[in-house]
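Student: Structure for this input, please:
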Amino acid sequence: MPAGARLSKPGEFSGRDLWAEKSVPVNLHDQSDPMVDYSTKAWPGPGEVIVRTVTWEPGFSYPMHRSDTIDFVFIITGQVELILEGGSTILHPGDCVVQPGTNHAWRVVGSQPCTIAGVLLSAETREEGSS
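Tutor: Predicted coordinates for the structure are as follows:
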């Protein structure tokens, strides 16, 4: 795995991008490794997909934000609170949430780190897609 695929802020989180595609649908005839010379970025660009794992340390929180993505998030270990404008819910190992580009925040609950796996799929915003 290239060094550029790792995410880290000591004491807060660590992770890595496992896979990335520059366009969907993926051309399966192209067998080149998309992770060669890869560098992480916060969100996939238009038409892109990023597969990522992240471990957030106890007490970690990520502020309210919105991205132009649909995120498929799987809780692997620990507990995390998903905070939405209308309320919040605690997610546990085995839970999955689909986050369709709405405002949301994250907060690790309890004394254990929380590891998530996610598939971040770029999406058109209503403004971009309207005619």
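
Student: Next one: the most centrally placed residue in the chain from residue 29, what distance?
Tutor: Most central in the chain under C-alpha atoms, centre = their mean is residue 118, positioned 4.6 Å from the mean C-alpha point. Distance, residue 118 to residue 29, by C-beta to C-beta, to the nearest Å: 27 Å. For the C-beta atoms, the positions are set from N, CA and C on the backbone; glycine is no exception.

Student: cool, and residue 21?
Tutor: In terms of C-beta to C-beta, residue 21 sits 14 Å off from residue 29.

Student: Common neighbours of these two, please.
Tutor: Here residue 21 and residue 29 have no joint contacts, going by C-beta atoms under 8 Å, 6 or more residues apart in numbering.

Student: Who has more neighbours out of these two?
Tutor: Between residue 21 and residue 29, residue 21 has the larger neighbour count (other C-beta atoms under 10 Å), namely 16 against 5.
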